[in-house]
Structures are given as C-alpha cells and as structure tokens.
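Chemist: Need coordinates for the below:
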Amino acid sequence: MKCPACFNELSQLQVGNVTVDACQDGCGGIWFDNFELQRVDEEAEAAGEHLTEIRRDPGVVVDFTRKRDCPRCVDIKLQRHYFSAQRKVEVDQCPNCGGYWLDAGELAAIRTEKAATDKAGASAGGLSPEVIRYLYRLRTESKRA
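Modeler: Numbering: from 1, shown residues only. I've put the predicted structure just below:
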C-alpha cells in the first residue's frame, strides 16, 4: 500500500492482535483499517505506545492542503474532520471503508486528549467515553444477532 501523504510504501506493524500500516522512514503517518484505531487504544494503552514513535525522514515534506487518496479504496478521497467534539485533532477518514489516516503526532495528540477527557469525566462522576463506546457496541452488536 502507498502512503496517502508522501507516497512511500507502507510497512505492516503488529500491535497486539491488530496489524496496522505505517510510513516508516517517510512522513511517519499510520493507516488504521476500520475499528483498528479503537482496538489499539482499548486493548491496553501500552500495546500501541511504539506507534507514537514511527521513524520519520526529516526531508519528507507533507502537503496538508492536498486531498488524499484512500490507500485501500480505488478513486476514493479521504475526508478530513475533527476526531472528537473537543475539536483539537484533525484526522483523515475514508467515507467508503471507514479507515483512518493519522499524520505523525496525531495518535499522541488523540491519546493526550482522551486522557484529559477521561480524567474530566471521572472527576465529574459521568460515564467515560470508553463506557459509552462499550455500551454502543453492545447495542449495535445485539441488533445484528
């Protein structure tokens, strides 16, 4: 697969029981197929920690204004949007396959944002985002069965 940001060849990395595609020695971005990003973060924070340190080539320049092609789907452009309601981290997502492209540093920023949200939710006594996602999955999976 080709990197949608710098066109280098992506290499596969194993994170727990999930295989992701990373742009090693290129722009340092990561491709997560549908639901892989959530699985990497839910299994254990430490499981995907090495993904925040993908080797980058400092000479690679990424044009963030260019529309990117999905590395999985032919002739489909990724759509850029905020990852959460906090509107701090923008990510690219395929409207067809649901995969996510994270540029270098975006995974670390998502984890920082998630930790702050979890801490605020715990202190407020509300449901954490993980509990809400779990309940949503239970509900949607029970509808499929």
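Chemist: Show me the shaky parts of the protein.
Modeler: 41-48, 117-126, 142-145 (pLDDT under 70).
Chemist: just the helices in it please.
Modeler: Assigned by DSSP state H, the helices in the chain fall at 36-43, 106-124, 129-144.
Chemist: Now do stretch 20-27: everything it contacts.
Modeler: 1, 3, 5-6, 8, 10-13, 28-33, 36, 40, 51, 54-57, 60, 62, 71, 103-104 (Cβ atoms under 8 Å, 6 or more residues apart in numbering). For the C-beta atoms, the positions are set from N, CA and C on the backbone; glycine is no exception.
Chemist: scratch that, stretch 95-106 is what I was asking about
Modeler: 4-5, 27-37, 54, 56, 62, 64, 68, 70-73, 76, 78-79, 83, 89-94, 110.
Chemist: Which of those are buried? Put it as a PyMOL command.
Modeler: What follows is the PyMOL syntax selecting those of the contacts of stretch 95-106 that are buried according to 16 or more other Cβ atoms under 10 Å:
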select buried, resi 4+5+27+28+29+30+31+32+33+36+37+54+56+62+68+70+71+72+78+83+89+91+92+93+94+110
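Chemist: Which ones among the contacts of stretch 20-27 map onto strands?
Modeler: The strands, defined by DSSP state E, take in 11-13, 30-32 from the contacts of stretch 20-27.
Chemist: Let me have these in CSV, adding distance to Ala116 as columns.
Modeler: Shown next, in CSV, are these (distance: Cβ to Cβ, whole Å):
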residue, distance to Ala116
Ser11, 31
Gln12, 31
Leu13, 26
Ile30, 21
Trp31, 26
Phe32, 21
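Chemist: With that, I have no additional questions.
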